[in-house]
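Q: Just the structure for this:
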Amino acid sequence: MSVASAPSRDRWWTLGVVSLGTFMLLLDLSVVAIALPQIHASLGASFAQLQWVVDAYSLTLAAFLVTSGSLGDRGGRKRLFQAGFVIFTASSLACGLAGSATALDVSRGFQGVGAAMLFAIGPSLLGNAFHGKERAMAFSVFGAATGLAIAAGPLIGGALTNAESWRWIFYINVPVGVVAMAVTQLKVPESRSRRAHPVDWTGMITFSVALSALAFAVIRGNDRGWTSGLILSLFAVSAVFLVLFVAIELRLGERAMIDLGLFRNVTFLGISLVALIGNASALPSIFVLTNYLENLLHSSAWSTGLRFLPLTLSLFFFAALGGGLIGKIPFNLLMGFAALFLAVGLALIQRAGADSSWTALVPALVVMGIGFGVFNPTRAALAIGITEPARSGIASGINETFQQVGTAVGIAGIGAFFQNRVASVYAGSVAGSGVSSDTAHAVGRSIAAGNIDQAAGVGARGGSPAALATVRNSFVAGFHDAMWFCAAIALVSALVAFFMLRTKDLHSSALSLIPPEIDEPDAPEVLVGTAG
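A: Okay, here's the model as predicted:
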């Protein structure tokens, strides 16, 4: 047993497998969006069930992140990272074999558990393996993998869905996961912290219930009525369990799932809010944008993936560039301008209308790619730079939790807002005013789910140009309003970054142009055994 950094011959394998694991789990956030119309057709999924295909994954990912960081710090990071690959790979196979929307949603939940283990431990493994200026390089590669996963998701999803079926977006994880498990076992060294605390199971349970109840209420609010007994009860359950969670965490102090004492650090609070708010605008916008391309413009899955190429290429380039700028430009400027570019890109989507060519989206996609690309590597690096290396797993897990909470609640909230706006605009049209309010809103929700031709009566009854125009205009009105909402959220994220991220709050081991870190005598990182 020795106090040291990872052996030099193994650190590159660590970088490779962490980047691969992160690529896989983030790919499964973005790749699914392209396949949602095919899943809808194949499994007869409702709009709410399609939201759960994304949110079941994000919710369990958020719920288990900090617990995974704690388990890794205490019981061995390599061991938990390996377990994450096992769960992620097995549940990916179950997703591909799912015979119903419910089975798919449940399998996606288990897939999120495995992803949480990979996501929480990956940055900590990099932080333990690389030091000083070399660590900035490692996070640059990590950022490129992160950016590529988010950006290439639509293209990969479109290719697999068109060539085979939507099931292959999950099957492809199986051989990749097997290879990654072998590399992890043979080449990644074990490490753990002597000061790690026991796992906070009560905190994890109360947090999971609070978050799940909130997401369920937001997703089902349009269908069940926002003042219905079920929805109000779910909001109440969420609030009660959130209060219980905070009370438990305050009582446990440093032994808590989320050490609330860390939030006394203004920068830690700031980067947590930036992750939460920024991701509440980012991935939900892809969810709605895919709906626009495939259901209004009638692009195939493959064509939709190609139309995301401006975002893909811009994101990939600026993810690598952003990782290289870490330590050279203040974090508040990097994060602030990244979120600002995202906001501007989302606002530019207003140029796309009911009869536009997809090329109207190109400026928006390029600008969004710049924001996406710089945002992720900077956020990941800053998250583990707040505290000492011995607690990097916890710090990273907390930040990733806020990120996934933002994604889950954003998908639920923006999806509900989009659906409600489409339904309201249709209900206020000439066609909608000619039927009952309930019928008009039901048709509006069907339009939001992508059933545009059916809602206009195209096909069976022939429909009419006026009916089709009403349906399409209702969809675009909701689409534009949802994108404005996303842009406003991204702007708030930018303001938080500019004013709350401070270099002086970082730990001495943070990513910057400083000498290699020296482990503190009272809190060493320990390597256990060898890579094999």
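Q: Could you use CA atoms for every contact and neighbour count after this?
A: OK.
Q: Low-confidence ranges, the stretch 351-500 of the chain, go.
A: Applying pLDDT under 70 to the stretch 351-500 of the chain flags the ranges 387-394, 456-463.
Q: can you check the stretch 201-350 of the chain too?
A: Along the stretch 201-350 of the chain, the parts satisfying pLDDT under 70 run over 222-223, 254, 323, 327.
Q: now the strands for it?
A: Assigned by DSSP state E, counting those that start in this stretch, the stretch 201-350 of the chain shows no strands.
Q: ok, now the chain?
A: 190-193, 525-528 (DSSP state E).
Q: Now the weakest link among these, please, by mean pLDDT.
A: Lowest mean pLDDT of these: strand 525-528, a mean of 44.
Q: ok, Cys486 touching Gly345?
A: No. Cys486 is not in contact with Gly345 according to Cα atoms under 8 Å; the separation is 10.2 Å.
Q: Which residue ranges make up each domain of this protein?
A: 8-199+257-429+470-513, 200-256 (automatic domain parsing).
Q: Ser446 is nearest to which of those?
A: Closest approach to Ser446 among the domains of the chain is made by domain 8-199+257-429+470-513 (8.1 Å; Cα to Cα).
Q: From the chain's centroid, how far away is the closest one?
A: Domain 8-199+257-429+470-513 has its average C-alpha position 3 Å from the chain's average C-alpha position, going by Cα atoms, centre = their mean, to the nearest Å.
Q: and stretch 397-409, which residues are buried?
A: Buried residues in stretch 397-409, counted by 16 or more other Cα atoms under 10 Å: 397-409.
Q: From Ser19, how far out is the closest residue to Val17 other than its chain neighbours?
A: Distances taken as Cα to Cα, 6 or more residues apart in numbering place Ala180 nearest to Val17, at 6.3 Å, with adjacent residues excluded. In this view, Ala180 and Ser19 are 10 Å apart by Cα to Cα, to the nearest Å.
Q: These two - which one has more neighbours?
A: Under the neighbour definition other Cα atoms under 10 Å, Ala180 and Ser19 were set side by side, and Ser19 has more, 23 against 19.
Q: pLDDT score for the more buried one?
A: We have a pLDDT of 84 for Ser19.
Q: ok, now Ser100?
A: Confidence for Ser100, expressed as pLDDT, is 91.
Q: Hmm, it is touching Leu43, no?
A: Yes. At 5.6 Å, Ser100 counts as touching Leu43 under the criterion of Cα under 8 Å.
Q: how close does Trp12 sit to Gly324?
A: Trp12 is 17 Å from Gly324, where distance means Cα to Cα.
Q: between the two, which one's more packed in?
A: A count of neighbours by other Cα under 10 Å puts Gly324 above the other of Trp12 and Gly324, at 21 against 18.
Q: Distance of the more buried one relative to Glu134?
A: Note on Gly324: its distance to Glu134, by Cα to Cα, is 11 Å.
Q: With Gly432 instead?
A: Distance of Gly432 to Glu134, given as Cα to Cα: 61 Å.
Q: Name the residue in the two with the higher neighbour count.
A: Ranked by neighbour count (other Cα under 10 Å), Gly432 and Glu134 place Gly432 first, with 22 against 14.
Q: was I right about the more buried one contacting Val422?
A: No. With contacts counted by Cα under 8 Å, Gly432 stays clear of Val422, the gap being 11.4 Å.
Q: buried stuff in stretch 29-47?
A: For stretch 29-47, by 16+ other Cα under 10 Å, it's 29-40, 45-47.
Q: ok, now stretch 171-190?
A: Buried, per 16+ other Cα under 10 Å, within stretch 171-190: 171-174, 177, 180-181, 183-185, 187-190.
Q: any chance of those residues in JSON lines, with distance to Gly75 too?
A: Shown next, in JSON lines, are those (distance: Cα to Cα, whole Å):
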{"residue": "Tyr171", "distance to Gly75": "30"}
{"residue": "Ile172", "distance to Gly75": "30"}
{"residue": "Asn173", "distance to Gly75": "26"}
{"residue": "Val174", "distance to Gly75": "26"}
{"residue": "Gly177", "distance to Gly75": "22"}
{"residue": "Ala180", "distance to Gly75": "21"}
{"residue": "Met181", "distance to Gly75": "18"}
{"residue": "Val183", "distance to Gly75": "20"}
{"residue": "Thr184", "distance to Gly75": "16"}
{"residue": "Gln185", "distance to Gly75": "16"}
{"residue": "Lys187", "distance to Gly75": "18"}
{"residue": "Val188", "distance to Gly75": "15"}
{"residue": "Pro189", "distance to Gly75": "13"}
{"residue": "Glu190", "distance to Gly75": "10"}
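Q: Among the residues you listed, which one lies nearest to Ile386?
A: Set against Ile386, the nearest of these by Cα to Cα is Glu190 (23.0 Å).
Q: I figured Ala343 hits Val492, correct?
A: No. Between Ala343 and Val492 there is no contact under Cα under 8 Å: 9.0 Å.
Q: rewinding a little: could I get the buried residues of stretch 397-409 in JSON lines, plus columns for distance to Gly415?
A: Below are these laid out as JSON lines (distance: Cα to Cα, whole Å):
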{"residue": "Gly397", "distance to Gly415": "26"}
{"residue": "Ile398", "distance to Gly415": "25"}
{"residue": "Asn399", "distance to Gly415": "24"}
{"residue": "Glu400", "distance to Gly415": "22"}
{"residue": "Thr401", "distance to Gly415": "21"}
{"residue": "Phe402", "distance to Gly415": "19"}
{"residue": "Gln403", "distance to Gly415": "18"}
{"residue": "Gln404", "distance to Gly415": "16"}
{"residue": "Val405", "distance to Gly415": "15"}
{"residue": "Gly406", "distance to Gly415": "13"}
{"residue": "Thr407", "distance to Gly415": "11"}
{"residue": "Ala408", "distance to Gly415": "10"}
{"residue": "Val409", "distance to Gly415": "9"}
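Q: Which single one of the buried residues of stretch 171-190 is nearest to Ser437?
A: Ranked by distance to Ser437 (Cα to Cα), those are led by Tyr171 at 43.4 Å.
Q: picking that back up, Ala343 and Val492: who's more crowded?
A: Ala343 (30 against 18).
Q: show me what contacts the more buried one?
A: Met368, Cys486, Ala487, Ala488, Ile489, Ala490, Leu491 (Cα atoms under 8 Å, 6 or more residues apart in numbering).
Q: How about Leu43?
A: Contacts of Leu43 by Cα under 8 Å, 6+ apart are Gly99, Ser100, Ala101.
Q: Could you rerun that using 10 Å?
A: By Cα atoms under 10 Å, 6 or more residues apart in numbering, the contact list for Leu43 reads Ala98, Gly99, Ser100, Ala101, Thr102, Leu104.
Q: Which one (most neighbours) among those?
A: Sorting these by how many neighbours each has (other Cα under 10 Å) puts Leu104 first, at 24 neighbours.
Q: Tell me the spacing between it and Val178.
A: For Leu104, the distance to Val178 (Cα to Cα) stands at 22 Å.
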